[in-house]
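Undergrad: Just need the structure, nothing else, for what follows:
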Amino acid sequence: MIRPRRVLGVLLAALFSFGAASCLGVLDLDGYASAPVVLCDLLERCYGEAGFAKCQGHVSSQLAVATAEGKESFLDGLSKCLVDCKSARRCLDMPPICRDPRQSCTTNEQCCGFSGGLAVCSRQSCCQTTGSSCASDVDCCTGKCEGDPPTCGGTPCVVSGEPCAESFECCSGVCLASGVCSEDTCFPDGFSCMADVDCCSGLCTQGTCTQPACTQNDAPCLADGECCNAAGCDEALGICGDAGCLPLSAPCSPTGPDPCCGDLFCKPGLERCVEPSSCTETGQNCGFDDECCTLHCQGTCQCANDGEGCYESYSCCSGVCINGQCGQCRQEGSPCSKASECCAGICNAGACCKNSGCNHSICQPGEALTPTSCNESAVEIQCIRAICANDPYCCCATWDDNCVGQVAAVCGLSCPAGP
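TA: The predicted model follows:
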């Protein structure tokens, strides 16, 4: 069962794809270093501590040796991995996190193809399972790559999306009720199960895979009705429960009052609550730019004034970094290369969009929404940013029914029922 231990920052990675996808400064400072914590924390909440053993160490080590392009690609897709349990599981099965055949391993989940039943860890080495495609004998767990096309064992298994009659025919071992093979070895809702880890949803209830009936404490929410706790959804924080502050990894807004619990603070650029040791705060002594949360050191950590060099927009007092120099934001119609250059926070087809304000909720169709003009919870603001990065029309033209539909698809949030 999903454990109410701490917020996962479900929308965290949307920020990377929105504002830091090409910034090596962010990657080096804390981007890829924080990704293993966020991803593996979600997997632990979904499947328990034993569900994906050694997850954090594995993800960290793979990212540490990955190329800059590999790290950037992983962060670009991380937001989709944090939508739900099934997506997080599948995220382990993508480069540069997974390992190819013949590379060392300790668990199946470290091998490329594990989520679809195409690979396992055997004798501390990743190998292809019987029926999966192969290039040579050494790729196969059985030691035999044969047939045309070549497969381990010579008889191909049925790949995802292809017709099946029985589960044993499928590479994944799961034949769906629709009569096609599943792309995952985990069981969908309605299938029989013995433990939470058997289910894609991470919840096995009375022997059947199901979805959680409500949202646990500290998890992102939009309305009281979706929370398990009677305290409901904290309107200001956007999380379930009555803690009154945001725990570790929770989405937050560094421009307003700091709502993070205890010594935690809202880190610029990442926009989530982190430990003080993650970087040096503004006003504290420093020796190098990389020590500072703002990535700007002048004896003490501080923001950079207009005209000074910068890595990212959060380094600048003005909040805008253009071509490596702090400056003022750009108005509607001005050329742009990324959203942070624009006053409205939206860059579409190389031009800044207008500031349309924020006159309705993300669950209602209406005028376009501008994230920089919203006074909603950090969870909702980050959701707007994620949707606009995915579909700029929603923030440049109209927030229509399709945009409302993306609240669930892109942000992993549930709009309350009714008008």
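Undergrad: how much space between residue 324 and residue 295?
TA: Separation of residue 324 from residue 295 (C-beta to C-beta, to the nearest Å) stands at 12 Å. (Each C-beta comes from the backbone N, C-alpha and C, glycine too.)
Undergrad: swap that for residue 309, please
TA: 10 Å.
Undergrad: which of the two has more neighbours?
TA: Per other C-beta atoms under 10 Å, whichever of residue 309 and residue 295 has more neighbours is residue 295, with 27 against 13.
Undergrad: Might you report the residue contacts of residue 292?
TA: Shown in contact with residue 292 (C-beta atoms under 8 Å, 6 or more residues apart in numbering): 279, 280, 282, 286, 301, 302.
Undergrad: filter those residues to the buried ones?
TA: Neighbour-count burial (16 or more other C-beta atoms under 10 Å) applied to the contacts of residue 292 gives 279, 280, 286, 301, 302.
Undergrad: Apart from its chain neighbours, what residue comes closest to the third one?
TA: I take that to be residue 286. In space, and not counting its chain neighbours, residue 286 is closest to residue 297: 4.1 Å by C-beta to C-beta, 6 or more residues apart in numbering.
Undergrad: okay but that neighbour is in contact with residue 285, surely?
TA: No: at 9.0 Å, residue 297 and residue 285 do not qualify as touching, with contact defined as C-beta atoms under 8 Å.
Undergrad: Going by how many neighbours each has, rank the two and give me the top one.
TA: Applying other C-beta under 10 Å to residue 297 and residue 285 shows that residue 297 carries more neighbours, namely 19 against 10.
Undergrad: hang on, residue 252 packs against residue 261?
TA: No: with contact defined as C-beta under 8 Å, residue 252 does not count as touching residue 261 (10.6 Å).
Undergrad: Look up how far residue 385 lies from residue 271.
TA: According to C-beta to C-beta, residue 271 stands 9 Å off from residue 385.
Undergrad: Confirm residue 52 sits in a strand?
TA: No: counting by DSSP: H, G, I helix; E, B strand; the rest coil, residue 52 falls outside a strand, being coil.
Undergrad: From the structure, what's the count of residues near it?
TA: Residue 52 - counted by other C-beta under 10 Å - has 25 other residues nearby.
Undergrad: Which residues are in contact with it?
TA: Here residue 52 is in contact with 40, 43, 44, 89, 92, 107, 109 (C-beta under 8 Å, 6+ apart).
Undergrad: min pLDDT across the residues you listed, which one?
TA: In terms of pLDDT, the lowest of these is residue 44, showing 82.
Undergrad: which strands and helices sit next to the host helix or strand of that residue?
TA: Counting by DSSP states H and E, the element that carries residue 44 is helix 32-47. Helix 32-47 sits against helix 12-15, helix 55-65, helix 68-81, helix 85-91, with contacts defined as 3 or more C-beta pairs under 8 Å, 6 or more residues apart in numbering; DSSP states H and E.
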